[in-house]
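A.B. asks: Any chance you can model this:
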Amino acid sequence: MLGLRLILGLSVRGVLDMIVAGVSLAIGFGFWVFVTSVLCSVAFFRCAKQAS
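C.D. replies: Numbers count the residues shown, from 1 in each chain. Modelled structure (predicted):
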């Protein structure tokens, strides 16, 4: 019984680690998308101002 409890405990811990890693990855990608969109918007408006 102790062996089964240990295996379940490790698997629950592993699942929680994966959830935390996924949330961290989502936050990191969200920050990257925000910075990229701001930079692309600035580049677009600079080119649009020069073309007009």
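A.B. asks: so where do the strands sit in the chain?
C.D. replies: Assigned by DSSP state E, the strands in the chain number zero.
A.B. asks: where does it have low pLDDT?
C.D. replies: Where the chain drops to pLDDT under 70, the residues are 1-10, 52.
A.B. asks: where along it do the helices fall?
C.D. replies: 2-51 (DSSP state H).
A.B. asks: got a list of what the spatially most central residue of it touches?
C.D. replies: Central residue of the chain (CA atoms, centre = their mean): Ala26, 2.0 Å from the mean position. Residues counted as contacts of Ala26 (CB atoms under 8 Å, 6 or more residues apart in numbering): none. Any C-beta I mention is one placed from the backbone N, CA and C, and that applies to glycine too.
A.B. asks: let's have the chain start at 754 instead
C.D. replies: I'll keep to 754 as the first residue from here, and by that count the last item is Ala779.
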